[in-house]
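Student: what would the 3D arrangement of this be:
(one chain, ligands or ions: 1)
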Amino acid sequence: MDRIWGQARAELERAVGADSFATWIEPLKLIRLDTDIALIACPTRFLSDWVARHYSSDIMRALETVGNPVQRLSFEVAAMPAERPAAPAPAARPANPARAAIRGEDDLAAPLDSRFTFDNFVVGKPNELAHAAARRVAEGGPVTFNPLFLYGGVGLGKTHLMHAIAREIQIRQPESRVLYLSAEQFMYRFVQALRDRSIMDFKEMFRTVSVLMVDDVQFIAGKDSTQEEFFHTFNALVDQGKQIVISADRAPGEIKDMEERIKSRLSCGLIVDLHPTDYELRLSILQSKTEQFRNTQPDLVMAPGVLEFLAHRITSNVRVLEGALQRLFAFASLMGREITLDMTQECLTDILRSSDRKVSIEEIQRKVAEHYNIRLSDMIGPKRVRTVARPRQIAMYLAKQMTSRSLPEIGRRFGGRDHTTIMHGVKKIEELRGSDRSVAEDLDMLRRLLEA
Ligand SMILES: Nc1ncnc2c1ncn2[C@@H]1O[C@H](COP(=O)(O)OP(=O)(O)OP(=O)(O)O)[C@@H](O)[C@H]1O
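Tutor: Sure, this is the predicted structure:
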């Protein structure tokens, strides 16, 4: 099953595009193939409804293409295993309909994503240095640091910045030849040139560009002749004073199986890293993407606190954050409903579960009790005096926000209270957070303590 699904997934990624694939198809798993039915596991009811409505024919087509035609699909909502079948690696970055080639005549260059501009890049503490360096290179002028080496974990904005640089240089200096491509494409072109005996043309093409940008350079580690060729290309361009921009998932010195001389060459310019996002940056990104969405869907209604909830709960990377938001928007417009906290939790169960920070309700109760100087037993006890009841409601609110426990489950941990009591407490604190600054500050501080 895993092998068939791996092949079908590769077909599907091509058919629906990288973004839709990541949002809708990635979480699915093929469980069984009967004579004419494919049984597919889905982490939530919402996802299965949506996929059934929008992607059934794509899935059936993909299964047919890989030699397993079926007449219909059946979906089963089930907890998903942590690991998923690996799809065969695509030859290059998946085609994306939003991507537009900036230099159509240059079939070497990878297409640039029209959304990846400096204007759309949200700057915060974790990425401000990388952003400033990227801006400086994009503004042109004398080459001050060569190469510019950007690195950081998955989905933190390296490719976005690379595309923004390429686009900006093209706008400012239309005559310059900016060549942006992934290291994988560099290798592919190189191997092709070797096969076609056109290596001199290959060298000539690479050595006459004004700016060379290579994404995900760690890919050529361990590929000896590609590394060798890359090294010569790199040196030739630096000698001519041409700007080079490189990205990788780690610092040059940490790339395994990369020749020492290449590591040292890569290290001699400016090395900047994109740090993991912090809460403030995640919230700004979510706000900015929501604004962009509102420009096309002005009737979008979102309850206060939803974006804050997402920024707290999804800490893995910006791509996951974007995918979650995209799914929420799709759900809201499909159902014609306001986006509330409850709806967010229902619609994103799978994403939230996998990015769960594993803060326990007991930890929340302990921290809140310490903060307000009350006894831990008062969290579950019956006292109704305000000095105890308010901290208890704060703990209920944090339990709802920071864990994936349901209201009845939270109720049980608060001395067997009814779920409506928890709901009332959560609502009360939601209101106070908007109207009482000291409550908002306490909540922020407690969250930080719990996340530490
Ligand atoms: N600061 C930011 N502001 C706005 N969008 C961002 C920001 N950082 C990342 N993104 C978005 O997150 C998504 C993932 O970013 P990107 O593809 O640049 O990551 P990456 O670091 O190249 O990841 P990978 O290592 O997987 O190649 C993109 O859609 C990008 O636009």
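Student: confidence score at whatever residue of the stretch 251-400 of the chain ends up closest to the ligand?
Tutor: Closest residue of the stretch 251-400 of the chain to the ligand, Cβ to the nearest ligand atom: Val318 (3.5 Å). The C-beta positions use only the backbone N, C-alpha and C, and glycine is treated the same way. Looking at Val318, its pLDDT reads 94.
Student: quick thing: my sequence starts at 26, can you match it?
Tutor: Fine by me, first position is 26 from now on; the one you just mentioned is Val343.
Student: and the protein, what are its domain boundaries?
Tutor: The chain is divided into the following domains under automatic domain parsing: 27-102, 124-299, 304-376, 386-476.
Student: let me have these in CSV, extended by mean neighbour count.
Tutor: Output for the domains of the chain, formatted as CSV (neighbours: other Cβ atoms under 10 Å):
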stretch, mean neighbour count
domain 27-102, 18
domain 124-299, 18
domain 304-376, 17
domain 386-476, 17
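Student: what packs against the helix or strand encompassing Ala157?
Tutor: Assignment of secondary structure by DSSP states H and E places Ala157 within helix 153-163. Applying 3 or more Cβ pairs under 8 Å, 6 or more residues apart in numbering; DSSP states H and E, we find helix 153-163 packed against strand 173-177, helix 183-197, strand 268-273, strand 295-299.
Student: so what strands line up beside the last one?
Tutor: Strand 295-299 has the following strand partners under DSSP bridges: strand 173-177 (parallel).
Student: longest helix in this structure, please.
Tutor: Ordering each helix of the chain by length in residues (DSSP state H) puts helix 70-90 first.
Student: what pLDDT, on average, does the helix or strand hosting Thr445 get?
Tutor: Using DSSP H and E, Thr445 sits within helix 444-460. Per-residue pLDDT over helix 444-460 has a mean of 93.
Student: stretch 326-339 too?
Tutor: For stretch 326-339, mean pLDDT is 92.
Student: ok, is that stretch in contact with the ligand or not?
Tutor: No - Stretch 326-339 is not in contact with the ligand by Cβ under 6 Å from any ligand atom; minimum separation 12.1 Å.
Student: hmm, Arg57 is touching Met26, no?
Tutor: Yes - using Cβ atoms under 8 Å, Arg57 is in contact with Met26, at 7.0 Å.
Student: tell me where this structure is predicted with low confidence.
Tutor: By pLDDT under 70, the weakly predicted segments of the chain are 71, 104-135, 380-382, 477.
Student: pull the CA atoms of the host helix or strand of Arg39 into CSV?
Tutor: Per DSSP H and E, Arg39 falls inside helix 27-41. Written as CSV, here are the backbone C-alpha positions of helix 27-41 (Å, rounded to 0.1, in the frame of the first residue of the first chain):
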residue,chain,number,x,y,z
ASP,A,27,2.8,2.4,1.0
ARG,A,28,4.5,1.9,-2.4
ILE,A,29,1.4,2.5,-4.4
TRP,A,30,0.4,5.5,-2.3
GLY,A,31,3.9,6.9,-2.6
GLN,A,32,3.7,6.8,-6.4
ALA,A,33,0.1,8.1,-6.4
ARG,A,34,1.1,11.0,-4.1
ALA,A,35,3.9,12.0,-6.5
GLU,A,36,1.2,12.1,-9.3
LEU,A,37,-1.1,14.0,-7.1
GLU,A,38,1.5,16.6,-6.2
ARG,A,39,2.0,17.3,-9.9
ALA,A,40,-1.7,17.4,-10.6
VAL,A,41,-2.9,19.7,-7.8
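Student: tell me what angle it forms with helix 70-90.
Tutor: With axes from the mean of the first three to the mean of the last three Cα atoms, to 10 degrees defining the directions, helix 27-41 sits at 100 degrees from helix 70-90.
Student: from the contact counts, what lies against helix 27-41?
Tutor: Here helix 27-41 touches strand 54-58, helix 70-90, going by 3+ Cβ pairs under 8 Å, 6+ apart.
Student: the ligand is nearest to which of the ones you listed?
Tutor: Closest to the ligand of these, according to Cβ to the nearest ligand atom: helix 70-90, at 20.5 Å.
Student: tabulate the helices and strands packed on helix 27-41 (TSV), appending distance to His257.
Tutor: What follows is those, written out as TSV (distance: least, Cβ to Cβ, whole Å):
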stretch	distance to His257
strand 54-58	45
helix 70-90	41
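Student: the helices and strands packed on helix 153-163: which one's closest to Val102?
Tutor: If you check each of the helices and strands packed on helix 153-163 against Val102 by Cβ to Cβ, helix 183-197 wins as the nearest, at 33.6 Å.
Student: just checking, what packs against the closest one?
Tutor: strand 137-138, helix 153-163, strand 173-177, strand 203-207, strand 236-240, strand 268-273.
Student: if we can go back for a sec, mind putting the helices and strands packed on helix 27-41 in a markdown table, distance to the ligand included?
Tutor: Output for the helices and strands packed on helix 27-41, formatted as a markdown table (distance: least, Cβ to the nearest ligand atom, whole Å):
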| stretch | distance to the ligand |
| --- | --- |
| strand 54-58 | 22 |
| helix 70-90 | 20 |
